[in-house]
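A.B. asks: sequence? don't have it. structure:
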């Protein structure tokens, strides 16, 4: 066996953890009902005490005809995730745990993949719950399409009113733009990226596995490298994974801020990935921020106060900057009104604030970027 290095920026090589056993990893799975290929489910988890049992149970309930093993990559957690994982291992012999002392998701994924014994690799997160028949359908689609990665829809579902609001925002074009795997009506076919994914080990190892320097957006970055290497990433809307959204506004803001930071890093490494959909949030955030600061100065100038009091034309121009935050608020409010017609009132009144939190946090993170 040999190890492949993981690609990282500026020619650096991150910790190598992807194993390639033989050329047979590049072959398509055999979907003969009498000989279903074994699969390995890889799960990077951290602080998932509340969700881990449900996530693993949905894997156990898959009724996949072939063998299924589960590898949990356990990061240092502040809750009882380690104890919950240990209890799961005691109850299910097909589940194993590997330690992920660094804690980062891509590191955990590579560690779990290195531990996995099979060639078909199913990614599941601690917040995700596979729908019935997910693995069986994914293996069939993989055989039919020859794709290196197959995935479907992130089916966001909340339990509390706030989580339900976030779920509505996730699955709307106003919330996350025209992202294929967030929209259940997207057609099947080749895609830039998919949610989570079911991989063939060969192509995954060929491109170096998950980049361990990418704390977030590692799935999108990996799929970009797979496509650049000539492989297919395939989206099928029949494949769904139930996702549990963040439960507080603070947690949601932090999630989207960090995602924006790392999306900027993807654009820095791969400039060709910069599209209007990814640039819209930072443009909106910059406009709202500038307008909110400049407009009050202009208004004071029109009232004969402040630094623009003697330059009336400039005060008028500065005052017009108020159009940016007001216009953004109007667009979000009107868009939310169109989305919320048949929603419970506890969701309806939260929706504009949740949409703004997602947009502006993402945009601020993108504008801030990563500390160097």
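C.D. replies: Done, it's in. Note that the coordinates shown come from a computational prediction; the quantities given were computed from them, not determined experimentally.
A.B. asks: and stretch 148-155, how far from the chain's centre?
C.D. replies: Averaging C-alpha positions (C-alpha atoms, centre = their mean, to the nearest Å) puts stretch 148-155 11 Å from its chain's average.
A.B. asks: pLDDT on that stretch, on average?
C.D. replies: What stretch 148-155 shows for mean pLDDT is 94.
A.B. asks: which residues are contacting it?
C.D. replies: 131, 134, 138, 141-142, 170-171, 181-184, 186, 194-200, 202-204, 223, 226, 231-243 (C-beta atoms under 8 Å, 6 or more residues apart in numbering). (Glycine included, C-beta is placed from N, CA and C.)
A.B. asks: Can you select the buried ones from those residues in PyMOL?
C.D. replies: In PyMOL, this line selects whichever of the contacts of stretch 148-155 come out buried by 16 or more other C-beta atoms under 10 Å:
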select buried, resi 131+134+138+141+142+170+171+181+182+183+186+194+195+196+197+198+199+200+202+203+204+223+226+231+232+233+234+235+236+237+239+240+241+242+243
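A.B. asks: now stretch 295-304, how far from the centre of its chain.
C.D. replies: Offset of stretch 295-304 from its chain centre (C-alpha atoms, centre = their mean): 43 Å.
A.B. asks: likewise stretch 363-372?
C.D. replies: 17 Å.
A.B. asks: Okay, buried residues for that stretch please.
C.D. replies: 363-367.
A.B. asks: Then stretch 116-125?
C.D. replies: With burial defined by 16+ other C-beta under 10 Å, the residues of stretch 116-125 counted as buried are 116, 118-125.
A.B. asks: longest strand anywhere in the chain?
C.D. replies: Identified as the longest strand of the chain according to DSSP state E is strand 233-243.
A.B. asks: From the contact counts, what lies against it?
C.D. replies: Secondary-structure packing of strand 233-243 (3 or more C-beta pairs under 8 Å, 6 or more residues apart in numbering; DSSP states H and E): strand 128-130, helix 134-145, strand 149-156, strand 189-190, strand 195-200, helix 218-228.
A.B. asks: Just after the third one, pick out the following helix or strand.
C.D. replies: So that's strand 149-156. Remark: after strand 149-156, the chain's next helix or strand is helix 161-170, criterion DSSP states H and E.
A.B. asks: Can you list the neighbours in contact with that following helix?
C.D. replies: Counting by C-beta under 8 Å, 6+ apart, 154, 156-158, 175-176, 182, 243-249, 252, 339-340, 343-344, 346-347, 350-351, 354-355, 358 sit against helix 161-170.
A.B. asks: For it, what does the pLDDT average out to?
C.D. replies: Averaged over helix 161-170, pLDDT sits at 93.
A.B. asks: How about stretch 114-131?
C.D. replies: 94.
A.B. asks: and residue 97, which of the three is it?
C.D. replies: strand (DSSP: H, G, I helix; E, B strand; the rest coil).
A.B. asks: Tell me the spacing between it and residue 258.
C.D. replies: From residue 97 over to residue 258 the distance is 26 Å, taken as C-beta to C-beta, to the nearest Å.
A.B. asks: ok, now residue 353?
C.D. replies: Distance of residue 353 to residue 258, given as C-beta to C-beta: 20 Å.
A.B. asks: How about residue 61?
C.D. replies: According to C-beta to C-beta, residue 61 and residue 258 sit 32 Å apart.
A.B. asks: So these two - more neighbours on which side?
C.D. replies: residue 258 (17 against 11; other C-beta atoms under 10 Å).
A.B. asks: buried ones in the strand or helix carrying that one?
C.D. replies: Residue 258 belongs to helix 249-269 when assigned by DSSP H and E. Buried residues in helix 249-269, defined by neighbour count with 16+ other C-beta under 10 Å: 249, 252-253, 255-267, 269.
A.B. asks: quick one: average pLDDT of that helix?
C.D. replies: Helix 249-269 comes out at a mean pLDDT of 94.
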